[in-house]
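Trainee: quick one: sequence plus predicted model below, questions after.
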Amino acid sequence: MTNQMNKDSKIYIAGHRGMVGSAIMRKLQQEGYTNLITRTSAELDLRDQNAVTNFFSAEKPEYVFLAAAKVGGIVANNTYRAEFLYDNLQIQNNIIHSSHVYGVKKLMFLGSSCIYPKMAPQPLKEDALLTGLLEPTNEPYAIAKIAGIKMCDAYRAQYGCNYISVMPTNLYGYNDNYHPQNSHVLPALIRRFHEAKEQGAPSVTIWGSGSPLREFLFADDLAEACYYLMQHYDEAGFINIGSGKEISIKDLALLIKDIVGYSGNIEFDASKPDGTPRKLMDVSKLAEKGWTYKTELKEGIQLAYADFLNKHKG
């Protein structure tokens, strides 16, 4: 069923300015793909069904990487619950349906590890989906992403569409979001240690106990996996993409502190919530398909911090 992408195949990357989309775009360019289509959100509002229909009608892409989403950390997810549900459902509904109507050969939908039940056994295996209740704080985002997986499967079952879904673990890398209110834990720590260093602050306080375990993958490694799977994977359901390695928030903070060169203390505010105690992906299915990650955490954070410094001068 695999439709091999040619170097001149018309490929649409939805969300090409985000961390994931930009990494996929870099990978395709490195591999010599020349016919990449992109639209900024100002040029094309993916929530607008007519606009998306017109775009697909005019451009007729052959391959689609659906990396566009409204994303944010725990606070943003919990605060903008309606937006996270509405925007993400609209984006994926419009792109997946238009891909079917206008004959896209293959589509990849990118989800998130938050789709798993809060108390699912660790490491998280693909078959744990929908076996329990979700983490309440990011349930709207998770529900949207689960709907996206199921939509790809439904279009595959009913129309024979070759639509695949991948579930990345926590990502970091170039073009990450360092916004003070709605960034994820790793970029948030980079920013906070950097600012504490600049200001000569005596300590940095981190929410929670520091004991939760998290897994991280460099976004360019994710792009490598997506490129690989677009050529070698054609199944219903979805496949986890991660490193299969975990680190405590405390050890992560110490690592980032060291890379940034901050010399003050780290304090943990145990009165604040920890979130899920552990979140590790089972990546054995991916390994069986022949792919494993390359970039170790220390090296990846060094690259991410250099990118942060480059973009946040002054």
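Mentor: Arrived safely.

Trainee: show me what contacts Lys257?
Mentor: 193, 204, 266 (Cβ atoms under 8 Å, 6 or more residues apart in numbering). For every residue, glycine as well, the C-beta is placed using N, CA and C.

Trainee: which of those residues fall within helices?
Mentor: Counting by DSSP state H, the contacts of Lys257 place Phe193 in helices.

Trainee: out of the contacts of Lys257, which is nearest to Asn88?
Mentor: Distance to Asn88 across the contacts of Lys257 (Cβ to Cβ) is lowest for Phe193, with 30.8 Å.

Trainee: top of the contacts of Lys257 by neighbour count?
Mentor: Among the contacts of Lys257, Phe193 has the most neighbours (other Cβ atoms under 10 Å), with 24 neighbours.

Trainee: quick one: that one and Val260 touch, right?
Mentor: Yes - Phe193 lies in contact with Val260 (Cβ atoms under 8 Å); the separation is 4.2 Å.

Trainee: average pLDDT across stretch 272-284?
Mentor: For stretch 272-284, the mean per-residue pLDDT is 89.

Trainee: show me where this protein has strands.
Mentor: 11-14, 36-37, 63-66, 106-110, 163-168, 170-172, 203-207, 213-214, 216-218, 238-241, 247-248, 265-269, 278-279 (DSSP state E).

Trainee: with distance to Ser98 as extra columns, can I get the ones you listed in CSV?
Mentor: Listed next are the strands of the chain as CSV, based on distance: least, Cβ to Cβ, whole Å:
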stretch, distance to Ser98
strand 11-14, 10
strand 36-37, 13
strand 63-66, 9
strand 106-110, 10
strand 163-168, 12
strand 170-172, 26
strand 203-207, 40
strand 213-214, 35
strand 216-218, 29
strand 238-241, 21
strand 247-248, 40
strand 265-269, 46
strand 278-279, 33
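
Trainee: would you map the helices across this structure?
Mentor: So, for the chain - with DSSP H - the helices run 19-30, 49-59, 74-79, 81-101, 139-159, 185-199, 219-232, 249-260, 284-288, 297-311.

Trainee: what sits up against the third one?
Mentor: Meaning helix 74-79. Here helix 74-79 has contacts from 84, 137-138, 140-141, 181-182, 275, using Cβ under 8 Å, 6+ apart.

Trainee: ok, of these, which one's closest to Phe238?
Mentor: Phe238 lies nearest to Tyr141 out of the contacts of helix 74-79, by Cβ to Cβ, at 15.7 Å.

Trainee: what's the closest non-adjacent residue to the closest one?
Mentor: In space, and not counting its chain neighbours, Tyr141 is closest to Phe84: 4.7 Å by Cβ to Cβ, 6 or more residues apart in numbering.

Trainee: perfect, I'm done here.
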